[in-house]
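Visitor: got a sequence here, can you model it:
(one chain, ligands or ions: 1)
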Amino acid sequence: MIETERLIMRPMIQNDLEDFYDIFNSDNVGKFVNKMSHESVEKYFDKRKNKPNNPYSFAVVLKENNKMIGTCGIVYDKDNFCGEISYVFNDRYWSKGYCTEACKAIVKYTFENSEMHRLEADCAENNFASAKILFEKLKMNFEGKIRNYCKSSDGKIIGFNFYAITREEYEKR
Ligand SMILES: CC(C)(COP(=O)(O)OP(=O)(O)OC[C@H]1O[C@@H](n2cnc3c(N)ncnc32)[C@H](O)[C@@H]1OP(=O)(O)O)[C@@H](O)C(=O)NCCC(=O)NCCS
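Guide: Predicted coordinates:
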């Protein structure tokens, strides 16, 4: 479990299912990650909740009302000592700094509690909020763009931007 000023980050529990559904059943979220039916959310939730090899998939809970407002996790590639961060938050709680607060905690937690040497993340070229978090808030380096990388939810072919921070960079800051 990780605690920050306003958030608790803990493993997902069955009671999070409705909050999890609330996050993914949103047109705003659906612009950047797949909008899901209740049934597919349940399946996806079970997969995330029961991933025994990935204990770093956190439910992000607001201390003030105990609501699960997002998920933030890292998938570790232990052979290569690196990890990839991903996140999604309930759109009713956007632009209040919650994702930044959760990601900063996860970066700190990783570099201070594991042997990882690199943390990376990517986002669609039109995902300006995510790019701001990675580049401005987490101070990750922009490592480049892959053009025409994939199809977005509205069918357009879009590029993806890639960001990363190394242990050396983290320790210098
Ligand atoms: C990306 C996401 C997790 C951000 O969550 P959040 O809690 O709103 O993030 P924060 O408030 O910590 O930071 C977002 C920053 O981007 C800014 N921002 C929001 N929309 C923006 C836009 N369209 N253009 C530029 N900046 C924008 C916010 O103002 C904030 O900056 P500020 O604190 O300096 O004002 C949320 O938008 C989300 O769930 N999106 C859908 C899923 C997703 O895209 N996941 C990532 C896939 S790579």
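Visitor: can the top helix by length along the chain be found next to the ligand?
Guide: In the chain, taking DSSP state H as the definition, the longest helix is helix 98-113. Yes - Helix 98-113 comes into contact with the ligand (CB under 6 Å from any ligand atom), by way of Tyr98, Cys99, Thr100. Yep, even glycine has a C-beta here, placed from its N, CA and C like the rest.
Visitor: what pLDDT does the last one get?
Guide: Going back to what we said before, that points to Thr100. Thr100 carries a pLDDT value of 98.
Visitor: residue ranges of the helices in the protein, please?
Guide: Under DSSP H, the chain gives helices at 17-24, 27-30, 38-49, 98-113, 128-131, 167-172.
Visitor: who does Val75 bridge with?
Guide: Glu84 (DSSP bridges).
Visitor: could you do Asp122 as well?
Guide: Counting by DSSP bridges, Asp122 forms beta bridges with Phe162.
Visitor: for Met140, see how far away it is.
Guide: Going from Asp122 to Met140 by CB to CB, to the nearest Å gives 10 Å.
Visitor: between those two, which contacts overlap?
Guide: In terms of CB atoms under 8 Å, 6 or more residues apart in numbering, Asp122 and Met140 are both contacted by the residues Tyr163.
Visitor: neighbour count winner among the two?
Guide: More neighbours surround Met140 than the other of Asp122 and Met140, with 24 against 21 (other CB atoms under 10 Å).
Visitor: isn't the more buried one right up against Lys132?
Guide: No - judged on CB atoms under 8 Å, Met140 makes no contact with Lys132 at a distance of 11.2 Å.
Visitor: for the ligand, what are the nearby residues on this structure?
Guide: Looking at the ligand, the residues of the chain close enough under CB under 6 Å from any ligand atom are 29, 32-33, 87-89, 94-100, 123, 127-130, 132-133.
Visitor: show the buried residues in those residues.
Guide: Among those, those classed as buried by 16 or more other CB atoms under 10 Å are 29, 32-33, 87-89, 98-100, 123, 127, 130, 133.
Visitor: pull the most distant pair out of these.
Guide: Within those, two members stand farthest from each other by CB to CB: Val33 and Thr100, at 18.2 Å.
Visitor: what residues are up against Glu84?
Guide: When contacts are counted by CB under 8 Å, 6+ apart, Glu84 touches Ile74, Val75, Asp77, Leu119, Glu120, Ala121, Asp122.
Visitor: got the angle for the helix or strand of the chain with the lowest mean pLDDT vs helix 17-24?
Guide: Lowest mean confidence among the helices and strands of the chain (mean pLDDT, DSSP states H and E): helix 38-49, at a mean of 83. Orientation check (axes from the mean of the first three to the mean of the last three CA atoms, to 10 degrees): helix 38-49 against helix 17-24 gives 110 degrees.
Visitor: alright, calling it a day.
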